[in-house]
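S.K.: Got a sequence here, can you build the structure:
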Amino acid sequence: MTLSIKAIGSFARKVEGLWLWESVDDLTIARLADVWSRHGVLIFRRQSISEDELVAFSERFGDPNIIVREDWKSENRSEVIQITNMRDYHGNSIGGLGAGELDWHTDQSYVKEPATGSILYMVEMPKDPPVTYWANLQLAYDALDLRMKERIDNLNVVYDYFLRQSTYDDEPKMADELRQRTPTVTHPLVNTHPETGNKSMYLDPTTAAGVQGWEAEASDNLLQELVAHATQSKFVYAHEWQIGDVVMWDNGFLMHRRDAFQPTKNRLLKRTTLRLPPDSHIVPKGWLAL
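M.R.: Okay, here's the model as predicted:
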């Protein structure tokens with residue numbers, strides 16, 4: 001089958017004619033990397049890959065990151081984490097994020113130098129699996145009026161992982177060690193794509209502690225307005241999962257969320273998180289908040 005890349009909705013792209021367990025040539029990887037950088041979401045259907053193959057494919061686009069959550073890691077590959085509500089024989093969770101609804105968020109917004117690439121592989125799911133949604137913050141920024149763009153272009157936002165961790169299902173109190181490894185950081189609210197020059201917002205309402213230097217009420221009002229604007233259906237792709245799906249997305253200019261599902265129904269995904277090259281992807285420049 002010949003490789004083809006088709007538009008789904010306003011920005012996502014579906015890739016056909018490629019099996020990820022096979023060797024992929026450099027020219028094809030370069031094409032995929034360019035499309036990923038510009039459109040944000042790539043979807044591959046009907047894949048069947050091992051953790052080693054998932055990591056090998058991930059390494060073609062960036063450097064796999066080791067997540068700070070030791071309790072979410074795969075036992076076989078430290079680059080792979082498990083997104084699941086499943087438990088082992090002793091009743092202990094084998095991964096993270098449970099079965100509850102996950103609000104709009106951006107992975108690693110709470111990290112000074114975030115790894116912005118994510119690759120998610122569906123291994124097991126309920127008959128009626130929850131939908132995952134991605135919101136394109138570049139399209140949302142483009143649709144803002146000039147007055148709002150000028151208002152937000154030079155703002156910075158403070159991010160704190162504690163705000164998100166406290167919302168997870170069945171999560172214990174945040175450990176001191178984890179708190180030390182994820183100090184509060186600051187990122188620009190608006191970033192510019194290094195190749196296209198397009199501007200995009202960078203938002204994560206689950207970890208945003210506020211606009212730097214603003215009073216709480218004004219900060220909350222602005223961020224809520226921007227999130228409401230960015231999550232309109234015209235900026236959102238809704239993915240209906242199938243077993244064997246691999247979805248890649250760029251956290252530099254996308255937010256995502258997930259519907260809840262029945263906790264008695266098993267769901268298991270494998271994920272890698274990548275440090276993408278800043279010369280071809282939006283990688284927010286952060287610093288420790290004082």
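S.K.: going forward, measure contacts and count neighbours with C-alpha atoms only.
M.R.: OK.
S.K.: Where does pLDDT dip in the stretch 51-200 of the chain?
M.R.: 68, 164-181 (pLDDT under 70).
S.K.: Strands along that one, start to end?
M.R.: With DSSP state E, counting those that start in this stretch as the criterion, the stretch 51-200 of the chain has strands at 63-64, 81-84, 96-97, 102-105, 117-124, 132-136, 156-159, 185-188, 190-192, 199-201.
S.K.: among those, which is nearest Glu217?
M.R.: strand 156-159 (14.2 Å; C-alpha to C-alpha).
S.K.: What is the closest one packed up against?
M.R.: In terms of contacts (3 or more C-alpha pairs under 8 Å, 6 or more residues apart in numbering; DSSP states H and E), strand 156-159 is packed against strand 185-188, strand 208-211.
S.K.: Reformat those strands as JSON lines; add mean neighbour count and distance to Asp259.
M.R.: What follows is the helices and strands packed on strand 156-159, written out as JSON lines (neighbours: other C-alpha atoms under 10 Å; distance: least, C-alpha to C-alpha, whole Å):
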{"stretch": "strand 185-188", "mean neighbour count": "24", "distance to Asp259": "27"}
{"stretch": "strand 208-211", "mean neighbour count": "23", "distance to Asp259": "21"}
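S.K.: so which of these gets nearest Arg60?
M.R.: strand 185-188 (27.0 Å).
S.K.: Can you list the neighbours in contact with that closest one?
M.R.: Contacts of strand 185-188 with the rest of the structure, by C-alpha atoms under 8 Å, 6 or more residues apart in numbering, involve 110-112, 154-160, 202, 212, 284-289.
S.K.: do the same with stretch 144-160
M.R.: With C-alpha under 8 Å, 6+ apart as the contact definition, stretch 144-160 has outside contacts at 109-110, 141, 182-190, 207-212, 289.
S.K.: quick one: terminal-to-terminal distance for that stretch?
M.R.: The stretch stretch 144-160 measures 26 Å between its terminal residues, going by C-alpha to C-alpha, to the nearest Å.
S.K.: before we move on, what about stretch 102-110?
M.R.: With C-alpha to C-alpha as the measure, stretch 102-110 spans 17 Å from end to end.
S.K.: circling back to that earlier point, kindly reformat the strands of the stretch 51-200 of the chain as TSV containing distance to Ala33.
M.R.: Compiled in TSV, those are given as follows (distance: least, C-alpha to C-alpha, whole Å):
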stretch	distance to Ala33
strand 63-64	14
strand 81-84	22
strand 96-97	28
strand 102-105	23
strand 117-124	11
strand 132-136	17
strand 156-159	28
strand 185-188	24
strand 190-192	18
strand 199-201	19
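S.K.: Tell me which of those lies nearest to Arg46.
M.R.: For the strands of the stretch 51-200 of the chain, the distance to Arg46 is smallest for strand 117-124, at 9.9 Å, taking C-alpha to C-alpha.
S.K.: Return the residues in contact with Ala99.
M.R.: 84-85, 169, 260-263.
S.K.: ok so, going back, which one of the strands of the stretch 51-200 of the chain lies nearest to Asn221?
M.R.: strand 156-159 (13.3 Å).
S.K.: Any buried residues in that closest one, and which?
M.R.: Buried positions in strand 156-159, judged by neighbour count with 16 or more other C-alpha atoms under 10 Å: 156-159.
S.K.: Nearest to Leu226 among these?
M.R.: Comparing the buried residues of strand 156-159 against Leu226 with C-alpha to C-alpha picks out Val157 as the nearest, at 12.6 Å.
S.K.: hey, what's that closest one bridged with?
M.R.: According to DSSP bridges, His187, Val211 are recorded as the beta-bridge partners of Val157.
S.K.: Tell me how many other residues crowd Lys127.
M.R.: 10 (other C-alpha atoms under 10 Å).
S.K.: now do the one 5 residues further on
M.R.: Thr132: 16 surrounding residues under other C-alpha under 10 Å.
S.K.: who's it bridged to?
M.R.: His239, Arg258.
S.K.: Ok, Trp287 next?
M.R.: When bridges are called by DSSP bridges, Trp287 pairs up with Thr186.
S.K.: contacting residues around Glu119?
M.R.: Actually, residue 119 is Ile. It isn't Glu. Applying C-alpha under 8 Å, 6+ apart, we find Ile119 in contact with 58, 246-249, 271-273.
S.K.: now, which of the buried residues of strand 156-159 sits nearest Thr132?
M.R.: The closest of the buried residues of strand 156-159, once distances to Thr132 are taken by C-alpha to C-alpha, is Tyr159, at 23.1 Å.
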